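K.L.:
let's see this in three dimensions:
(2 chains)
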Amino acid sequence: MKYLDAFRTLAKHRKDEIVVTSAGNSSQAWWAATRDTEATFYLDASMSLSTMFSSGLALARPDLKIWAFMGDGAFCMNPGTLMVERQMNLPNLTHILVSNRVYGATSNAGLPNFKDNDYPAIARSMGLERVFEFSNIDALEQEFASVTAGNNSGHTFLVLEVEPFSDAEQKLEQPPFDGPELKFRFGRHIEKRSDCDIFGYRL
Amino acid sequence: MNDKASDVAKRVADELASCDVKIVASLPDNWLVGVIKTIERDERFIHVPVNREESAIGLCSGAYMGAMGSAALMGASGFMTVIYAITKINYTYEIPLFLMLTLRGVGGDHHKHHISNGLYLRPVLDAINMPYQVIDDPSNIGFISRSYHHTRTFSRPMAVLFTRDLLRGHG
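P.N.:
As a prediction, this is how the structure comes out:
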């Protein structure tokens, strides 16, 4: 399954979910698929921490559904994060592990044990129950909506098996925001959606 | 935990609650066990034990973006592992973060292996221009609120550093 095709499919099925991207290629791919400037936090600078960031957000705002992308390179750095996610078991959080079996952001450098890493099995071994895996675009297209629509009983872990970025795709534009601008764009969107006060003053 | 240590732990919890802190993410340091147990039992908080200290940084940063107050509680050694997370997330995006750490490796610490923290904890904080406040006496516990609010005013991280004598009630 092509990385960008998978992301375009997710974008097509997205309703009002808040998205957090990860170190790796997910920011480029999501920006290419959506050009979202408000409801996505492009957390490029975050090796292995996008789902913890998302867990804090999901815990704080149970009225919002959160999709958190994480590359498998980031996941390999901190797989124990799934223990914390399982413990929190937040029904409004979907952890989308984008498995391309390389360190995509560093020119597809090799990932340790890439042939044998079984991410769904790792998740199940930590007690996660809502574990799904997609490796072809037709299945993703047909089943993704039901997987996320059924996100009521607890945390969801979804693995997308995709091809690494091509050389041309590696040159896709990065989301252009400076950090503080992204914080305020995203934060103001959350304040509006959720009628809350993040920054101590509302506009 | 003696009565004085127990009182310190309760006052730390009260200070956090007065700041509207709801989520406390922690990894233990032996000196912090009393504070962690106090917070765990306190219904004003959601205590999240994490797998590594970096996860606490991510969790608290996300909670901020959801308008929920938070604090990360960890030992000095744990803090030394989170420089990447803090400089990348909290400095890049200017997301406030409040940390409570132990001041390890100074006089009164019986563990030889904390010599590295005695030598380098404060120089590392200085190297990343991260403000901190040492709390070594119960009369200074109010610095928790002041430090927490500083993080929100200036959109930056700040830490308070607890001494052994404070946490063990030996003051």
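K.L.:
could you point out the longest helix of chain A?
P.N.:
Looking across chain A with DSSP state H, the single longest helix is helix A:179-194.
K.L.:
state the number of residues packed around A:His95.
P.N.:
27 (other Cβ atoms under 10 Å in any protein chain shown). The C-beta positions use only the backbone N, C-alpha and C, and glycine is treated the same way.
K.L.:
can you report phi and psi for the closest residue to A:Asn100 other than its chain neighbours?
P.N.:
Excluding the flanking residues, the one nearest A:Asn100 by Cβ to Cβ, 6 or more residues apart in numbering or on different chains is A:Pro164, at 4.4 Å. Dihedral angles of A:Pro164 (phi, psi; degrees, to the nearest 10) stand at phi -60, psi 160.
K.L.:
residues contacting A:Pro164?
P.N.:
Neighbour list for A:Pro164: A:3, A:100-102, A:104, A:108 [criterion: Cβ atoms under 8 Å, 6 or more residues apart in numbering or on different chains].
K.L.:
how does it look with 10 Å?
P.N.:
Residues counted as contacts of A:Pro164 (Cβ atoms under 10 Å, 6 or more residues apart in numbering or on different chains) are A:3, A:25, A:100-104, A:107-108, A:111, A:170.
K.L.:
so where's chain B uncertain?
P.N.:
For chain B, applying pLDDT under 70 flags the ranges B:171.
K.L.:
ranges for the helices of chain A?
P.N.:
So, for chain A - with DSSP H - the helices run A:3-13, A:26-34, A:50-60, A:72-77, A:81-88, A:119-125, A:137-149, A:167-170, A:179-194.
K.L.:
next one: the second one to chain centre, how far?
P.N.:
Per Cα atoms, centre = their mean, to the nearest Å, the displacement of helix A:26-34 from the mean C-alpha position of its chain is 11 Å.
K.L.:
tell me the helices and strands packed up against that helix.
P.N.:
For helix A:26-34, the elements it packs on are helix A:3-13, strand A:18-20, strand A:40-41, strand A:66-71, strand A:93-99, helix A:167-170, judged by 3 or more Cβ pairs under 10 Å, 6 or more residues apart in numbering or on different chains; DSSP states H and E.
K.L.:
chain center to the fourth one, what's the gap?
P.N.:
The chain centre lies 1 Å from the centre of strand A:66-71; the measure is Cα atoms, centre = their mean.
K.L.:
centroid-nearest residue for the chain?
P.N.:
Just going to use chain A. For chain A, the residue sitting closest to the mean C-alpha position, by Cα atoms, centre = their mean, is A:Phe69 at 1.3 Å.
K.L.:
right idea, wrong chain: chain B
P.N.:
Nearest to chain B centroid, counting by Cα atoms, centre = their mean: B:Met100, 0.9 Å.
K.L.:
next up, the contacts around the nearest residue to the residue nearest to the centre of chain A once chain neighbours are set aside.
P.N.:
In space, and not counting its chain neighbours, A:Phe69 is closest to A:Ser26: 4.0 Å by Cβ to Cβ, 6+ apart. By Cβ under 10 Å, 6+ apart, the residues touching A:Ser26 are A:3, A:7, A:19-20, A:42-44, A:50, A:68-71, A:74, A:96, A:98, A:100, A:104-105, A:160.
K.L.:
ok, now B:Arg156?
P.N.:
B:86, B:90-91, B:94-97, B:129-131, B:150.
K.L.:
okay, and the beta partners of the residue nearest to the centre of chain B?
P.N.:
B:Leu73, B:Val160 (DSSP bridges).
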